[in-house]
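Visitor: Prediction below, plus the sequence it came from.
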2 protein chains.
Amino acid sequence: MSDESLTIGEVSERTGLGIHTLRYYERQGLLLGSVGRSSGGQRRYSAFDVEWLQLCNRFRACGMPLSDIRRYAELVAAGPGNEQQRLELLRTHEIRVRAELAQMTENLAVIEAKARLYAEHVESGTAGTLWTGQTPTCLALEAMANRDS
Amino acid sequence: MSDESLTIGEVSERTGLGIHTLRYYERQGLLLGSVGRSSGGQRRYSAFDVEWLQLCNRFRACGMPLSDIRRYAELVAAGPGNEQQRLELLRTHEIRVRAELAQMTENLAVIEAKARLYAEHVESGTAGTLWTGQTPTCLALEAMANRDS
DNA sequence: CTACGATCTAGACCTCGGTCTAGGTCAAGA
DNA sequence: TCTTGACCTAGACCGAGGTCTAGATCGTAG
């Protein structure tokens, strides 16, 4: 636990990324430049490396592919002057995520409606009746599916 | 475009799933029982198969793994009597998706804040100043990262 | 009847994002 | 000094979810 630099194990704890994954990310060019090394060749991460990795975690957590993170890292590592491109990358991702969120929300609603129907009938013990005659919309599919099973 | 059954190509169009994927899903046990066949051995899908596949698409679109869909399909194919288990599966998925949505939303907010900061400075042409002295929180990371590149 | 496009099966191959192994080196405490 | 646990590299391997190929058959329009 030195004051200025962290070992890969310490960074692993702080970021939640496995040791293997940290090395993998570095190989993939996700870090800003190259990580520092001890005289003996072991990685010594700075506080900034850790912050960056935490940002990477956020990117990953909303589905940004490693290739995009690499691209962003390259832009940042290249220094001032390409803010426009960074912004564009972020915006593009933002749009993609928004669309995905909308999609998921919509589909989740359908699934919840289905669950609600099941719940009502399971609770009232009338589930069996769902399959005897005309079937309600949301379960029609599963009901009819049993036509010839 | 026969009245009662569809070829794999027609189903591919209607579901957006590739022909290869449709066969793959069947191999993986995602369909309810087995798809009908023509006398010559070609698949003939029913309207219910198509509806089911569309439901599968919804499941997939909110991240349900194929193994869960297979499990659900097995329950449905087994007929009435297991509504409780179907419900449980749906609820579990629902919870997982809600958590994921919350996570994504939170992380997206951070990314948007970052983008906003970039946007302000790119628009006002003061981006360069971000790197000259003390740096604002959200960009500190990228700024400092250029310390020794 | 023939042609030609659509399907068939089995199985190889692919991308993504890790994860682990083998064989060796580093570093800190007793 | 010795030991022990953390670390190193190169490269194999994994699981999820497809995607494609080869070589053969189906089925329909002409």
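Guide: Now that the structure is in, tell me what you want to look at.
Visitor: show me the contacts for A:Ser124.
Guide: Going by CB atoms under 8 Å, 6 or more residues apart in numbering or on different chains, A:Ser124 touches no other residue. Quick note: C-beta positions are derived from backbone N, CA and C, even for glycine.
Visitor: so does the longest helix seen in chain A get close to DNA strand D?
Guide: Taking DSSP state H as the criterion, chain A has its longest helix at helix A:83-123. No: counting by CB under 7 Å from any atom of the strand, DNA strand D has no neighbours in helix A:83-123; the shortest distance is 14.1 Å.
Visitor: Where does the residue of chain A found nearest DNA strand D fall, secondary structure wise?
Guide: Among residues of chain A, the one nearest DNA strand D by CB to the nearest atom of the strand turns out to be A:Gly9. It sits 2.6 Å away. For A:Gly9, the element it lies in under DSSP states H and E is helix A:8-15.
Visitor: Now do that helix: which elements does it pack against?
Guide: Secondary-structure packing of helix A:8-15 (3 or more CB pairs under 8 Å, 6 or more residues apart in numbering or on different chains; DSSP states H and E): helix A:19-27, helix A:47-61.
Visitor: Identify, out of those, the most deeply packed stretch.
Guide: helix A:47-61 (a mean of 18; mean count of other CB atoms under 10 Å in any protein chain shown).
Visitor: buried set for the helix or strand just after it?
Guide: Next helix or strand after helix A:47-61 toward the C-terminus (DSSP H and E): helix A:66-77. Applying a neighbour-count criterion of 16 or more other CB atoms under 10 Å in any protein chain shown, one finds A:Asp68, A:Ile69, A:Arg71, A:Tyr72, A:Ala73, A:Leu75, A:Val76, A:Ala77 buried in helix A:66-77.
Visitor: Could you tell me the single residue of chain A that sits nearest to DNA strand C?
Guide: Closest point on chain A to DNA strand C, by CB to the nearest atom of the strand, is A:Gly40, at 2.5 Å.
Visitor: So A:Gly29 sits against A:Ile69, correct?
Guide: No: if you go by CB atoms under 8 Å, A:Gly29 and A:Ile69 don't touch, sitting 9.0 Å apart.
Visitor: What separation do you get for the residue of chain A closest to DNA strand C and chain B?
Guide: Counting by CB to the nearest CB, to the nearest Å, the gap from A:Gly40 to chain B is 20 Å.
Visitor: Check A:Glu120 too.
Guide: 10 Å.
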